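Asker: Sharing a sequence plus its predicted fold:
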Amino acid sequence: MRVLVIGNGGREHAIAYKLSQSPLVNKLYVARGNAGIWQIAQKVDINPTDVSSLLEFSKKEGIDFVVVGPEAPLVAGIVDTFEKEGVPVFGPNKHASMLEGSKALAKEFMSKYNIPTAQYEVFDDPDKAKRFIKDVGAPIVIKADGLASGKGAVVCKTLEDAIKTVDQFMIQGKLGEAGKRIVVEEFLEGEEASYIVMLNGDRYVPLPTSQDHKRLLDGDKGPNTGGMGAYSPNPFVDPHTEKRIEEEIIKRVIQGLKQEGVYYRGFLYAGLMLTAEGPKVLEFNVRLGDPEAQPILLRLRGDFLKILLDFYEGKEISLEVTEECAICVVVASSGYPETPSKGKPISGLEDLKDVIVFHAGTDVKDGKLVTNGGRILNVCALGKNLREAKEKVYREIQKIHFEGMYYRKDIGDKALRFLGI
């Protein structure tokens with residue numbers, strides 16, 4: 001089979017890595033990819049959101065199956081466009097993708113179908129938003145309605161921060177059109193969890209649990225990012241909690257989509273806060289998480305392409321998951337998440353042992369590996385327990401060098417404290 005992966009990041013490298021191991025794959029392509037993916041897949045120099053050019057390429061090259069990594073092409077309707085022309089894509093259609101494409105629509109959907117989430121209000125007018133915030137007080141969470149690459153949610157600890165964020169989003173246009181409309185919601189306390197399922201109509205299969213680390217700095221300080229690291233499994237999701245997640249969230253999403261006449265086929269990601277009252281939805285994403293995909297896919301056994309194909313076609317599947325723990329630590333560039341520096345030479349990767357490195361913002365210039373984004377590398381490892389996996393990653397990560405590199409030193413620590421290991 002000729003398979004096309006769409007996207008440029010660490011998630012897409014992990015997807016391509018798993019697909020490349022399938023005996024069903026004759027030729028693997030990536031649009032546009034990065035320096036790591038180009039080592040295992042042929043580069044297609046087309047932007048992931050250029051749907052018409054991607055379709056033209058796919059028809060010309062006889063692509064048999066497409067796996068979309070990021071949200072933007074899905075929200076742009078790539079699935080609808082491709083499948084109309086007979087090219088199968090693993091991912092939800094444009095209508096279904098609005099669960100991620102609009103925070104306001106997602107909150108309305110949750111409210112309508114009794115899916116537990118934070119209390120909220122939606123605003124198009126910055127003055128009304130500020131009045132509401134002053135009445136409610138801080139801490140409070142402000143979210144851009146549209147897509148913002150994981151940077152559209154701000155936890156505001158003070159009223160001053162909240163007012164400033166409203167101005168940045170709605171008046172100064174920091175996030176463009178995405179921030180012209182905002183959701184203001186209550187601040188939830190608890191442990192975060194990422195719960196991802198493969199969904200096809202009313203059938204779903206859960207993937208291994210995971211926990212992301214959204215904040216830039218150690219101790220969950222600093223601004224939100226696309227994610228600075230993740231591990232799997234998530235010990236905070238015990239069997240009782242998982243049952244509640246499935247009954248109160250996943251099954252209600254399925255029922256709601258059915259009532260709305262929306263067919264959903266692809267990955268569905270529920271970003272959760274495990275509160276004292278139970279699991280509540282922070283956000284829905286319509287694709288694998290990044291960096292959660294990296295440790296999750298490392299734990300999956302078997303032919304990943306066959307799993308996707310069979311599930312796409314409506315066949316029964318069962319996932320084989322290793323008992324080992326997996327961890328991913330993101331190495332970022334200075335200036336991330338606002339204005340990351342680019343073009344810095346990267347060295348040391350050839351010296352690494354016992355880890356797998358998935359590239360994100362990397363490129364090749366004059367034959368040398370260089371930085372080309374905010375999140376640069378994802379250093380991942382498996383271990384018999386989380387401590388072993390963590391020690392492997394942090395031992396090897398010190399061998400990597402580029403100007404301005406930064407990574408969190410505490411990925412997995414909350415779980416280790418909880419587990420007492």
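Answerer: Nice, I can see it.
Asker: gap between the residue lying farthest from the centre of the chain and residue 189?
Answerer: In terms of distance from the mean C-alpha position of the chain, residue 135 ranks first, at 33.5 Å (CA atoms, centre = their mean). Distance of residue 135 to residue 189, given as CB to CB, to the nearest Å: 21 Å. Glycine gets a C-beta too; all of them are placed from N, C-alpha and C.
Asker: hang on, the earlier thing: name the helices or strands packed onto the host helix or strand of the residue farthest from the centre of the chain?
Answerer: Assigned by DSSP states H and E, residue 135 falls within helix 126-136. Judged by 3 or more CB pairs under 8 Å, 6 or more residues apart in numbering; DSSP states H and E, the packing partners of helix 126-136 are strand 120-123, helix 159-166, strand 182-186.
Asker: so what secondary structure elements neighbour the first one?
Answerer: Judged by 3+ CB pairs under 8 Å, 6+ apart, the packing partners of strand 120-123 are helix 103-112, helix 126-136, strand 182-186.
Asker: contacts for it?
Answerer: 104, 107, 129, 132, 145, 170, 181-186 (CB atoms under 8 Å, 6 or more residues apart in numbering).
Asker: Just give me the closest of these to residue 321.
Answerer: residue 107 (32.1 Å; CB to CB).
Asker: neighbours around the nearest residue to the closest one once chain neighbours are set aside, how many?
Answerer: Using CB to CB, 6 or more residues apart in numbering and skipping the chain neighbours, the partner closest in space to residue 107 is residue 120 (5.2 Å). By other CB atoms under 10 Å, 17 other residues sit near residue 120.
Asker: Also residue 287?
Answerer: 27.
Asker: wait, what's in contact with residue 31?
Answerer: Here residue 31 is in contact with 4-7, 44-48, 54, 57 (CB under 8 Å, 6+ apart).
Asker: just the buried members of the residues you listed?
Answerer: 4-7, 44, 46, 48, 54, 57 (16 or more other CB atoms under 10 Å).
Asker: returning to what we had before: can you check which of the helices and strands packed on helix 126-136 gets nearest to residue 86?
Answerer: That would be strand 182-186 among these, by CB to CB, at 37.9 Å.
Asker: now the angle between helix 126-136 and the closest one, please.
Answerer: Using axes from the mean of the first three to the mean of the last three CA atoms, to 10 degrees, the inter-axis angle of strand 182-186 relative to helix 126-136 is 0 degrees.
Asker: What lies in contact with the helix-or-strand element of the chain with minimal mean pLDDT?
Answerer: Of all helical and strand segments in the chain, the minimum by mean pLDDT, DSSP states H and E falls on strand 221-224, at a mean of 92. With contact meaning CB under 8 Å, 6+ apart, strand 221-224 is reached by 150-151, 153-155, 214-216, 337-338.
Asker: Just those: which are in strands?
Answerer: Within the contacts of strand 221-224, residues falling in strands by DSSP state E are 153-155, 215-216.
Asker: Next, the contact list for the residue nearest to residue 362 when sequence neighbours are not counted, please.
Answerer: What sits nearest to residue 362 in space, not counting adjacent residues and going by CB to CB, 6+ apart, is residue 35, at 4.0 Å. By CB under 8 Å, 6+ apart, residue 35 lies in contact with 359, 362-364, 369.
Asker: Could you work out the most separated pair of those?
Answerer: So, those by CB to CB: farthest apart are 359 and 364, at 10.6 Å.
Asker: returning to what we had before: reformat the contacts of residue 35 as JSON lines; add neighbour count, distance to residue 308 and pLDDT.
Answerer: As requested, these are exported to JSON lines (neighbours: other CB atoms under 10 Å; distance: CB to CB, whole Å; pLDDT from 0 to 100):
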{"residue": "359", "neighbour count": "27", "distance to residue 308": "22", "pLDDT": "98"}
{"residue": "362", "neighbour count": "25", "distance to residue 308": "26", "pLDDT": "98"}
{"residue": "363", "neighbour count": "18", "distance to residue 308": "28", "pLDDT": "98"}
{"residue": "364", "neighbour count": "12", "distance to residue 308": "29", "pLDDT": "97"}
{"residue": "369", "neighbour count": "20", "distance to residue 308": "30", "pLDDT": "98"}
